[in-house]
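Visitor: Dropping a prediction and its sequence here:
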Amino acid sequence: MPFCNQCGSGVSGEKCSNCGAENPHFRDPNEEVEVAPAPAASGIVERERPRPWPLIESSLALAWPRLRKHPLFIVIVLAIDMLAAAYMLPLNASIMKAPIAPNALAHFYEQLALPFLAVLCVSLAIRFLALGVAAQARIAEFRWTARSIAALVGWLLLAGLGLGFAVFVLSAIVLVPTILAMVARTGATAATAAINPAIIGVTALVMLATAIPTAVWLGTKIALVEASFALGERRNPIGASWKLTDGYFWETLGFYLLYLLVALGILIVCLGIGKLLASLSPLLALVGDLLQMLAAVWLQFAVEEGMVGWTAMLREAKATGRQG
């Protein structure tokens, strides 16, 4: 029951029965209730800018459970790697000093071709499996087919060739006038220009100043080609990666660099453990090699999970209108 503001007596009508003061709590039951208008929506919803750093830890944590779901694949991969390493043992000494004679050199490269091809195929198989597992966690119906794998390989080759061509063209545009200017200034001839220390130094400096930034910039812009393809962008994953990284270039670059540092740290630790085991017993060196290979596979799963997750975050950000 409400109380009168004047005398404190309990009131239930229009006026207080004790002092006659108006009841501030009184309301006619037949009176329509006034509803306060709802605040107008501003149309702008503040959302947190996507950050890739939390994905590093989560992707490393998710990689191992997903890796354990494919034990047969891991066994096959490790067996092929070990066979390739065993095949390379007799060639390790000759690698340090390759033959000079054309016939011997051709035979030497023929011997190296088989283990290199095996390692390349295994690396691609791990890469595609890790990418497929990460994509399937977001798209349940995702499945690899021979056609989709061939299409992705074609897009990756196109991206790699385009990157190399762009770096070469830009370096040539800057390098050729620089060399001509240096030759004219030093008075060197075409024969002496190749051994002139000043020209060699300027050439190396210009190449580093043009090729490396160009490769880093273009490589970051097309870094999400695989993840974009796996998440459904089949027509032009290169263009999709280019658009997704607009406004998020530095985050994407930092994501890759951080993964690189984490991977180097883990592999260095595994390498140290392998060297320690090898110093204890030659048989334990095999355990160290297996540990390094297993760590490399785990890191591949983590990287693919992280890049697919980052691509999904950027797609959501672009869809909701959040800009970099």
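Guide: That came through, no problem. Residues are numbered from 1 along each chain as shown.
Visitor: Just the CA trace of stretch 156-173, in PDB.
Guide: What follows is stretch 156-173, C-alpha atoms only, in PDB (Å, rounded to 0.1, in the frame of the first residue of the first chain):
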ATOM      1  CA  LEU A 156      48.000 -21.100 -55.900                       C
ATOM      2  CA  LEU A 157      50.300 -21.500 -59.000                       C
ATOM      3  CA  LEU A 158      48.700 -18.400 -60.600                       C
ATOM      4  CA  ALA A 159      49.100 -16.400 -57.400                       C
ATOM      5  CA  GLY A 160      52.800 -17.500 -57.100                       C
ATOM      6  CA  LEU A 161      53.600 -16.700 -60.700                       C
ATOM      7  CA  GLY A 162      51.800 -13.400 -60.500                       C
ATOM      8  CA  LEU A 163      53.700 -12.500 -57.400                       C
ATOM      9  CA  GLY A 164      57.100 -13.400 -58.900                       C
ATOM     10  CA  PHE A 165      56.300 -11.500 -62.100                       C
ATOM     11  CA  ALA A 166      55.200  -8.400 -60.300                       C
ATOM     12  CA  VAL A 167      58.400  -8.400 -58.100                       C
ATOM     13  CA  PHE A 168      60.600  -8.900 -61.200                       C
ATOM     14  CA  VAL A 169      58.900  -6.100 -63.200                       C
ATOM     15  CA  LEU A 170      59.100  -3.600 -60.400                       C
ATOM     16  CA  SER A 171      62.700  -4.400 -59.600                       C
ATOM     17  CA  ALA A 172      63.600  -4.100 -63.200                       C
ATOM     18  CA  ILE A 173      61.900  -0.700 -63.500                       C
END
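Visitor: Not counting it itself, show me its contacts.
Guide: 206-207, 210-211, 214-215, 218-219, 222, 225-226, 238 (C-beta atoms under 8 Å, 6 or more residues apart in numbering). From N, CA and C alone the C-beta is placed, and that goes for glycine too.
Visitor: and the two most separated of those?
Guide: V206 and E226 (32.4 Å; C-beta to C-beta).
Visitor: measure the closest residue to L60 other than its chain neighbours to L55 for me?
Guide: Distance criterion C-beta to C-beta, 6 or more residues apart in numbering; nearest residue to L60, sequence neighbours excluded, is A302 at 4.8 Å. From A302 across to L55, the span is 10 Å (C-beta to C-beta, to the nearest Å).
Visitor: Which of those two has more residues huddled nearby?
Guide: Ranked by neighbour count (other C-beta atoms under 10 Å), A302 and L55 place A302 first, with 28 against 23.
Visitor: residues contacting that one?
Guide: If you count contacts by C-beta under 8 Å, 6+ apart, then A302 has 59-60, 62-63, 259 around it.
Visitor: Apply 10 Å and report the result again.
Guide: 55-64, 66-67, 130, 134, 259, 262-263, 266 (C-beta atoms under 10 Å, 6 or more residues apart in numbering).
Visitor: Just the buried residues out of these, in PyMOL syntax.
Guide: Buried subset of the contacts of A302, written as a PyMOL selection, criterion 16 or more other C-beta atoms under 10 Å:
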select buried, resi 55+56+59+60+62+63+66+67+130+134+259+262+263+266
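Visitor: what about the helices in the chain?
Guide: 53-68, 71-88, 92-96, 102-136, 146-186, 190-193, 197-221, 225-230, 237-244, 249-280, 284-319 (DSSP state H).
Visitor: Deepest-packed of those helices, please.
Guide: Burial of the helices of the chain is given as mean neighbour count (mean count of other C-beta atoms under 10 Å); helix 225-230 ranks first at a mean of 26.
Visitor: pLDDT (mean, whole number) over it?
Guide: Average pLDDT, helix 225-230: 93.
Visitor: for that helix, packing partners?
Guide: Helices and strands touching helix 225-230, as assessed by 3 or more C-beta pairs under 10 Å, 6 or more residues apart in numbering; DSSP states H and E, comprise helix 102-136, helix 146-186, helix 237-244, helix 284-319.
Visitor: what's the distance between L114 and A86?
Guide: Applying C-beta to C-beta, the value for L114 to A86 is 12 Å.
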